[in-house]
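Peer 1: when you get a sec, could you give me coordinates for this:
(chains A, B, C and D, ligands or ions: 4)
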Amino acid sequence: MAAPTLDSSAKPQQITMAKAINAGLRAAMDADPKVLVMGEDVGKLGGVFRITDGLQKDFGEHRVLDTPLAESGIIGTAIGLAIRGYRPVCEIQFDGFIFPAFDQIVSQLAKLHYRSQGKLKMPIVVRVPFGGGIGSVEHHSESPESYFAHTAGLRVVSCSNPVDAYWMIQQAIDSDDPVLFFEPKRQYYSSKAELDTSITPQPLHTSRVLRSGAHATLASYGPSVKVCLDSAAAAAQDGIDLEVIDLRSLSPLDLDPVYASVRRTGHLVLVSESPGEASLNSEIVSRVSQECFYSLQAPVLRVNGFDTPYPPSKLEEDFLPDLDRVLHTVDRSLAW
Amino acid sequence: MAAPTLDSSAKPQQITMAKAINAGLRAAMDADPKVLVMGEDVGKLGGVFRITDGLQKDFGEHRVLDTPLAESGIIGTAIGLAIRGYRPVCEIQFDGFIFPAFDQIVSQLAKLHYRSQGKLKMPIVVRVPFGGGIGSVEHHSESPESYFAHTAGLRVVSCSNPVDAYWMIQQAIDSDDPVLFFEPKRQYYSSKAELDTSITPQPLHTSRVLRSGAHATLASYGPSVKVCLDSAAAAAQDGIDLEVIDLRSLSPLDLDPVYASVRRTGHLVLVSESPGEASLNSEIVSRVSQECFYSLQAPVLRVNGFDTPYPPSKLEEDFLPDLDRVLHTVDRSLAW
Amino acid sequence: MSSPERWTAARPDSPAATAATPTAEQVIAGLRATSEGGADLVQLLTPEGERVTHPDFDIDIEPAQLRALYRDMVLVRRVDRESNALQRKGELALWVPLLGQEAAQVGAGRAMRPQDMAFPSYREHGVAWCRGIDPTDLLGIFRGTDHGSWDPIEKRFGLYTIVIGNQVLNAAGYAMGQRFDGKVGNSDAEGNPAADDEATMCFFGDGATSQGDVHEGFVWAAVYDAPLVFFCQNNQWAISEPTERQSRLPLYQRARGYGFPGVRVDGNDVLACLAVSRWALKECRRGNGPVLIEAFTYRMDAHTTTDDPTRYRLSDEVEEWKLKDPIERVRAYLARNGLADAAFFEQIQEESDQLAVRLREFCVNIPDPPPDRIFANVYAEANPVLERQREDMLGYLAGFGGEH
Amino acid sequence: MSSPERWTAARPDSPAATAATPTAEQVIAGLRATSEGGADLVQLLTPEGERVTHPDFDIDIEPAQLRALYRDMVLVRRVDRESNALQRKGELALWVPLLGQEAAQVGAGRAMRPQDMAFPSYREHGVAWCRGIDPTDLLGIFRGTDHGSWDPIEKRFGLYTIVIGNQVLNAAGYAMGQRFDGKVGNSDAEGNPAADDEATMCFFGDGATSQGDVHEGFVWAAVYDAPLVFFCQNNQWAISEPTERQSRLPLYQRARGYGFPGVRVDGNDVLACLAVSRWALKECRRGNGPVLIEAFTYRMDAHTTTDDPTRYRLSDEVEEWKLKDPIERVRAYLARNGLADAAFFEQIQEESDQLAVRLREFCVNIPDPPPDRIFANVYAEANPVLERQREDMLGYLAGFGGEH
Ligand SMILES: Cc1ncc(C[n+]2csc(CCOP(=O)(O)OP(=O)(O)O)c2C)c(N)n1
Ligand SMILES: Cc1ncc(C[n+]2csc(CCOP(=O)(O)OP(=O)(O)O)c2C)c(N)n1
Ligand SMILES: [Mg+2]
Ligand SMILES: [Mg+2]
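Peer 2: Residues are numbered from 1 along each chain as shown, chains lettered A, B, ... in the order given. Ligands and ions are numbered 1, 2, ... in the order given. You can find the predicted model right below:
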């Protein structure tokens, strides 16, 4: 793990998620000259979200590459660079633009380690700003993580807060496996947190109980974690005590804390913006339904985006899981 | 529905699945001059599996198009042809080669009807020979159907026998929605069935109980249906009475017969060659676990391909669900 | 101008710099000098408003036609500026400015016949205008009330396509269909296409040329002799990336590797754009498609209203391009040659003010779509899964007594 | 030879057939005459075994070197034929014949230096040979015991890539890395690359040129000046589709749209392939990459052992190409000029017989991989989900007492 370079003083600092990822990238690039950043507009512009702000200025054009406009090209050349010994961090500008790269991701990135019987490592991070709620046009608010969780050979993670973002991006870059790194874009600048760079972060592929509670469990990841925390805070006022788990790792899933929680609460509600059909949430329901077969007092319920394309943004409020829908679903579970 | 043109006599005939799909395509092309067949090698060669055998000879090069070698191009131009009023039937040569077309499928094919508020119809069928067990090299034995079931705006079906294949391909072509049509390639020539072209087929998006049984339910689709039927036959000899359901439609799923069955048997085992993680089977587990919460006497169990890339073919016997694994899992369910 | 012919018959003994990579001069004369289109640039009206001739692409044009083109450009620009302002006021979530690209779009758009088809990207407000799309119809996309509202078939103008390059393949397929339908190559003895012969125009940017789909569109159209005009607006930038991030050569030369014509036109010269587009469309209707046009122009404003171009380009560059304004040169030409009087210019100004008012009023009054629009038209045919989700949602919302 | 230059400066008044689409003659002189490479074809050894000179690409070659190339081709062909036979006997599930493409592959393969990298498609058994891959290492893929067994880094030879075009982007990335590592352009005063300068060669077929990934590879390599030789073996067929389904123009001309050299070489002439590949690799090492080579050759056998070429091509065509056999012309030249005697030919024959025996024996003795190989190396780091699936499977299999 790279030594954090955010600030020379060890004093905790307030930091946005955007800044946290930037700092994490910077630390990784400082620590290992083989780490490259590549993508559309990641150089001078610093990316459309400014996540790579200043990196090209400080590390040069050979380490921060403004690529031609083609996502298959970004991932395909990153693979070649990885074979050459580099550790590329690719930025996909928006969730909906990862699909031109799907073939390279599924057929090469995910399979080369297997095909080569371990002789070729694929230490590539694909950063994807994802999720909705930013009032944008089509293809800019999607949640494609389930496609990748379904794909053997990939690792998939999502951060939900600046501190995790800072550590997780470095852990992802450190990994010798390809990691799809989903960043909740609407939180880039919306919330700050205190970052203490002197701690040892928990391992990348672990979930975390953010709030403990006795009546029901909420499990979520990325942008929906905040919705769950808000819901739990609201429920507490009505005397309902909700446990909240941030899954963090979507592949492999770390469900032991979920099982443990459900064994206590008997109720589980999953929250995600992604369409629910054949999704990550379906997988979690399946595993929990089996592992906690005798503990569940109600079926595991899901709060997902609907099984439609992402709607025009005036409708996203009704599309996205929010506090009301979560609590409504908790009520349904408790009343089962 | 096109008048069947397989044979002038109404007498039932023995027919392979390959021949059945060919006959179905032929009937659809006869009935509607707007139906086109396009793909790699579909012309003179008749496709690498000969499914389109003879069609170019009979319908001409303008209706059966040997396309350039690029799958995004196949789907992308089919979309343009559909806007122009055609009804293209695209062949993807093997399951593993659908990914270059993923972006056109997910971002355009699945979304254009929605984007245009219904003004643009997308009556496109994408035929995909899928699944393993043919001893082939990498990328030739995959089961990518879950990616598409997760994608709003697409319909997904899979046939498991020649008679269904004949009708379902015509129903898919008749549909004004895009249909991903998954054909169990290892059954193209392995089994024959009697085709009576005078019957009225059941609707496309419905599942079907193939065998009724009292002790447990098996639900499956495509190539695994035969495995389930064989398993049920074997189990019967041990006095275990298995119900077998062919899902046929993967999106939308028609689970009412499954619910009804599980309410009687209390036990459900799902079988599919696809990796299980965040898959169609996960979805089915989720829904059944909810709908049949009080009827299930054991968790819904899944027999899937493992969460690995498709292995070298000498290992596929161990990778693919087979009779033994299905019955082993039934035993686990019954003993829960 | 760079001379890539030599790179086909490469000489093993020629010195490195000329054998395979452009020389410094080639580079300077070519791409980097973003404000000069180079020797091959087709131009009929100079930035100073002087009519020049071109040996291949000249056209005769009536004063009334030229005034009409002027009017188109002024109104289109007004729509653009007004919409940009509406975004600043919070009435639109986003706007994609076309400022500076009026001539390219109006020239191309007015070259099309009613039966021709167009496939736009997301910046083609000027082409939309020419296809008879009311500018108010563009607003829903940017206000977030719809993903596109016009009828693409009726208007012969596809929906805006945001995923870079996708529409190029769709256009190739459509144009193949035109040929399959026998709407191509029915020329008379003089080679003039029949009145109902058709062609398709597809719009994309300089950045888009890197996408695999654009290449596949070139391959398909070439192999199927599709009546398709690839209209690439090279506005010098793909967000923050200059054109040399996408190509060594001027983009119109890309066509030579596929075996169809590539022409670079002054994209700020509406006459030249009209002339070259007309020629290209005619070639396509005659069965000689496809054709690539590179309209050499400039994005005068930000990429979108969320972009900050000061981070990646110098204002000098913008200032230089201001001297090539596509509207000013027509105004100068019309005025200098007495083809339009003050009353004409005033009248256009007034029309443009009225249009702005209408746009504004329309915009602020666009109703929010009802929640169940989320489920509308996902499929053409009934889908029980969605039907149930829709009912659940409506029931849930009803629980709030409409207050949600 | 077609002359696509004219299509860049298109003339609006020229008659249809020449303005935009190739004339009948162009077509005949160009693509359709699949057995003739056209005027631009670089050739140093005719099908009749006569040494001809070329103004740009001639090379000096020692008899010993030529004999070595001959030996390579004979042995590679023997590997191919033997493996094909092993498939017929059921020992391999599939084989992908290279018959007819020996010269293209050996010429290219022998032009590479040890430190150069190669990215193959799936038919490059001859290149593999030149990279020092033991032919037995190829068998696992086709017997179904592995997906590739050699070490791509150690051998500087990527794994076979089946998804058409994918490897072209991977190669572009690798070549970018060579440049980033400072292994390019360290030439001395005479322009000779340093001893440890590097380049990459990427192999793909005529059909592959249509794929978006190949285009993107061209774009990337051009924009990043990557030391990458695109080596396209145009064997006239993509399974059942002839090259004109992919392109109007000869494929080497595709390069001209990107601004790097494209050369068509007689792919059945090992000397010419060596010469052109050497030149191209040197250009790349000097920093003048990328370069496209189209090796004009022929797939003498079926696409794979499951293919039936009689359905789509005439045996006449195959017969015609037999006269251009890549090995025969070298044998004729060696023999006629007294550069090799009967003993030499006999010795090669014997070596080839021994190789065949070794291959056969190796093949039938390849052990089946253990079932838990399914889970090996899915990830580089531990994955509990898979670990559990692996344990479950082993436990389950143990229940059968190893009899499963
Ligand atoms: C596949 C894809 N990748 C990325 C984007 C994000 N994006 C939107 S516009 C744009 C630049 C396009 O540049 P160009 O093609 O030159 O068109 P222009 O915007 O200049 O008109 C990018 C990268 C996208 N819309 N689609
Ligand atoms: C993406 C993809 N689509 C389809 C195929 C099936 N396929 C295998 S080889 C081949 C033809 C390739 O032709 P070409 O590029 O000329 O190479 P050749 O086989 O002639 O060496 C096809 C269509 C594939 N492997 N990958
Ligand atoms: Mg641009
Ligand atoms: Mg070929």
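
Peer 1: contacts and neighbour counts: CA atoms only from here.
Peer 2: Noted.

Peer 1: quick check: residues of the stretch 151-300 of chain C near chain A?
Peer 2: Those residues of the stretch 151-300 of chain C that sit near chain A, judged by Cα under 8 Å from any Cα of the partner chain, are C:162-163, C:207-212, C:238-241, C:245-246.

Peer 1: identify, from the residues you listed, the entry nearest to ligand 4.
Peer 2: Checking these against ligand 4 with Cα to the ion, the nearest one is residue C:212 at 19.9 Å.

Peer 1: gap between the closest one and chain B?
Peer 2: Distance, residue C:212 to chain B, by Cα to the nearest Cα, to the nearest Å: 9 Å.

Peer 1: what do you get for residue C:195?
Peer 2: To chain B, residue C:195 is 19 Å away according to Cα to the nearest Cα.

Peer 1: relative to residue A:210, how far out is that residue?
Peer 2: Taking Cα to Cα, to the nearest Å as the criterion, residue C:195 is separated from residue A:210 by 70 Å.

Peer 1: more neighbours, the two?
Peer 2: Summary of the neighbour comparison: residue C:195 and residue A:210, criterion other Cα atoms under 10 Å in any protein chain shown, with residue A:210 having more neighbours (15 against 12).

Peer 1: let me see the contact set for the more buried one.
Peer 2: If you count contacts by Cα atoms under 8 Å, 6 or more residues apart in numbering or on different chains, residue A:210 has them with A:243-246.

Peer 1: equivalent analysis for residue A:138, please.
Peer 2: Listed by Cα under 8 Å, 6+ apart, the contact set of residue A:138 reads A:310-312, C:147, C:162.

Peer 1: mind putting those residues into a markdown table with neighbour count?
Peer 2: Rendered in a markdown table, the data for the contacts of residue A:138 read as follows (neighbours: other Cα atoms under 10 Å in any protein chain shown):
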| residue | neighbour count |
| --- | --- |
| A:310 | 29 |
| A:311 | 27 |
| A:312 | 25 |
| C:147 | 26 |
| C:162 | 19 |
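
Peer 1: what residues are up against the closest residue to ligand 4 within the stretch 201-350 of chain C?
Peer 2: Using Cα to the ion, the single residue of the stretch 201-350 of chain C nearest to ligand 4 is residue C:219, 16.3 Å away. Contacts here follow Cα under 8 Å, 6+ apart; on that basis residue C:219 touches B:68, C:258, D:210, D:246-247.

Peer 1: that one looks like it's in a helix, true?
Peer 2: Yes - the assignment for residue C:219 (DSSP: H, G, I helix; E, B strand; the rest coil) places it in a helix.

Peer 1: and the two most separated of the contacts of residue C:219?
Peer 2: Maximum pairwise distance among those (Cα to Cα): 13.3 Å, between B:68 and C:258.

Peer 1: near chain A, anything from the helix or strand hosting residue C:83?
Peer 2: In this structure, residue C:83 is located in helix C:63-88 according to DSSP states H and E. No - taking Cα under 8 Å from any Cα as the criterion, helix C:63-88 and chain A are apart, separated by no less than 12.3 Å.

Peer 1: show me what that helix is packed against.
Peer 2: helix C:102-111, helix C:125-130, helix C:326-336, helix C:342-365 (3 or more Cα pairs under 8 Å, 6 or more residues apart in numbering or on different chains; DSSP states H and E).

Peer 1: for chain B, what is the nearest residue in the stretch 1-150 of chain C?
Peer 2: residue C:147 (5.1 Å; Cα to the nearest Cα).

Peer 1: what is the burial count for residue A:50?
Peer 2: With neighbours defined by other Cα under 10 Å, the count for residue A:50 comes to 17.

Peer 1: ignore the last one, residue A:189
Peer 2: The local packing of residue A:189 (other Cα under 10 Å) involves 14 other residues.

Peer 1: mind listing what's buried along the helix holding residue C:83?
Peer 2: Residues C:66-67, C:69-87 are the ones in helix C:63-88 that count as buried (16 or more other Cα atoms under 10 Å in any protein chain shown).

Peer 1: for the residues of the stretch 151-300 of chain C next to chain A, which one is nearest residue C:397?
Peer 2: Proximity to residue C:397 was ranked across these by Cα to Cα; first place goes to residue C:162, at 31.8 Å.

Peer 1: gap between that closest one and residue C:138?
Peer 2: Counting by Cα to Cα, the gap from residue C:162 to residue C:138 is 14 Å.

Peer 1: equivalent analysis for residue C:163, please.
Peer 2: Following Cα to Cα, the distance that separates residue C:163 from residue C:138 is 18 Å.

Peer 1: try residue A:127
Peer 2: Here the distance between residue A:127 and residue C:138 works out to 32 Å (Cα to Cα).

Peer 1: check residue C:112 too.
Peer 2: In this view, residue C:112 and residue C:138 are 20 Å apart by Cα to Cα.

Peer 1: before we move on, what about residue A:259?
Peer 2: Taken as Cα to Cα, the spacing of residue A:259 relative to residue C:138 amounts to 50 Å.

Peer 1: ok, residue C:379 next?
Peer 2: According to Cα to Cα, residue C:379 and residue C:138 sit 23 Å apart.

Peer 1: pick out whichever of these two has more residues nearby.
Peer 2: Under the criterion of other Cα under 10 Å, the comparison of residue C:379 against residue C:138 puts residue C:379 first, with 26 against 23.

Peer 1: contacts only, for the more buried one.
Peer 2: When contacts are taken as Cα under 8 Å, 6+ apart, residue C:379 is in contact with B:113-114, B:118, B:153-154, B:177.

Peer 1: now with 7 Å, please.
Peer 2: Taking Cα atoms under 7 Å, 6 or more residues apart in numbering or on different chains as the contact definition, residue C:379 lies against B:113, B:153, B:177.

Peer 1: just for chain A, where's the confidence low?
Peer 2: Judged against pLDDT under 70, the low-scoring parts of chain A cover residues A:1-12.

Peer 1: enumerate the residues of it near chain B.
Peer 2: A:99-100, A:102-103, A:111, A:146-147, A:149-150, A:152-153, A:277-280, A:282-283, A:285-286, A:289-290, A:293, A:299, A:307-309 (Cα under 7 Å from any Cα of the partner chain).

Peer 1: again, 8 Å this time
Peer 2: Chain A comes close to chain B at residues A:96, A:99-100, A:102-103, A:106-107, A:111, A:114, A:139, A:146-147, A:149-153, A:275-283, A:285-286, A:289-290, A:293, A:298-301, A:307-309, as judged by Cα under 8 Å from any Cα.
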